[in-house]
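1. coords below, sequence missing:
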Ligand SMILES: Nc1ncnc2c1ncn2[C@@H]1O[C@H](COP(=O)(O)OP(=O)(O)OP(=O)(O)O)[C@@H](O)[C@H]1O
């Protein structure tokens, strides 16, 4: 049997206090998984460890069977990390930025140009493709950063609140790109505070509260756990209040 896209075992991290505690999580290939949780629950810290930006105190991270702590370079080659703070070079245009990032990943130039142009069109950036990113709004920068993260054809896309601050049209473009990727077999894990997005897009939802995974499953499974037919918002509030960690 092939390895899952992501397997976390006993993932643990403390700063001045425990922030992520003993997280076990498995995400299948081609799955769209949403991480929900109140502010400060530890979601970003989990994703930063998965993306290789932060070292866990304990635990294991396996990405398509690659031990991400032992072989971070191999793990990064198959993953994309999209932070909620887009970092793009001001003095480059979107096309130049994508060309630069593709060069870092040593993507074959013709393939890189084709992917870059496809992403520019998908994300509605064509009218600005040759303008300097320095003059872009935060939403436009978010889209350029997303395109940059996808240029090397990653198989696991990790996103921290990718839709925050986007207008309805841009949010739709980003959602469509992610859904299209999932349809083509790519795996997506993302945090969101927009419960409707988790409800509509994710196949499974994990709820983090106080650094622990307090529940996970499909929406139907989470409803079953709560024991009544209700909205994701009710389920979410119920689960986090049970943990004494209501937002
Ligand atoms: N580098 C750091 N140093 C010290 N504390 C940190 C650091 N990074 C995160 N924390 C703390 O860890 C806790 C979890 O933060 P994290 O950003 O993972 O939460 P989150 O669930 O993503 O929250 P939000 O929904 O508000 O983005 C918070 O109390 C935060 O202050």
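-> Thanks, I have the structure now. Please read these numbers as outputs of a predicted model, since none were measured by experiment.

2. interface residues of this structure facing the ligand?
-> 15, 19, 37, 39-45 (CB under 6 Å from any ligand atom). Placement of C-beta: from N, CA and C, glycine included.

3. Most neighbours among these, which one is it?
-> residue 37 (27 neighbours; other CB atoms under 10 Å).

4. Next up, phi/psi of it, please.
-> Main-chain torsions, residue 37, degrees, to the nearest 10: phi 170, psi 160.

5. Now, the residues of the chain next to the ligand that are in strands?
-> Using DSSP state E, the subset of the residues of the chain next to the ligand located in strands is residue 19.

6. tell me which residues form a beta bridge with the residue nearest the centre of the chain?
-> The centre of the chain sits closest to residue 159, judged by CA atoms, centre = their mean, with a distance of 2.0 Å. For residue 159, the beta-bridge partners are residue 82, residue 190 (DSSP bridges).

7. what's near enough to touch it?
-> 82, 146, 178, 188-191 (CB atoms under 8 Å, 6 or more residues apart in numbering).

8. and if you look at residue 192?
-> Contacts of residue 192 by CB under 8 Å, 6+ apart are 34-36, 161-163, 198.

9. try residue 102
-> Residues counted as contacts of residue 102 (CB under 8 Å, 6+ apart) are 109, 112, 115-116, 151-152.

10. Drop anything exposed from the residues you listed.
-> 112, 115-116, 151-152 (16 or more other CB atoms under 10 Å).

11. Distance from the chain centre to stretch 45-58, please.
-> 13 Å (CA atoms, centre = their mean, to the nearest Å).

12. actually stretch 27-39, not the one I typed
-> So, by CA atoms, centre = their mean, the centroid of stretch 27-39 is 8 Å from its chain's centroid.

13. Do a quick rundown of the helices in the chain.
-> Using DSSP state H, the helices assigned to the chain run over residues 43-50, 72-77, 94-104, 109-122, 138-150, 168-183, 195-201, 219-226, 232-242.
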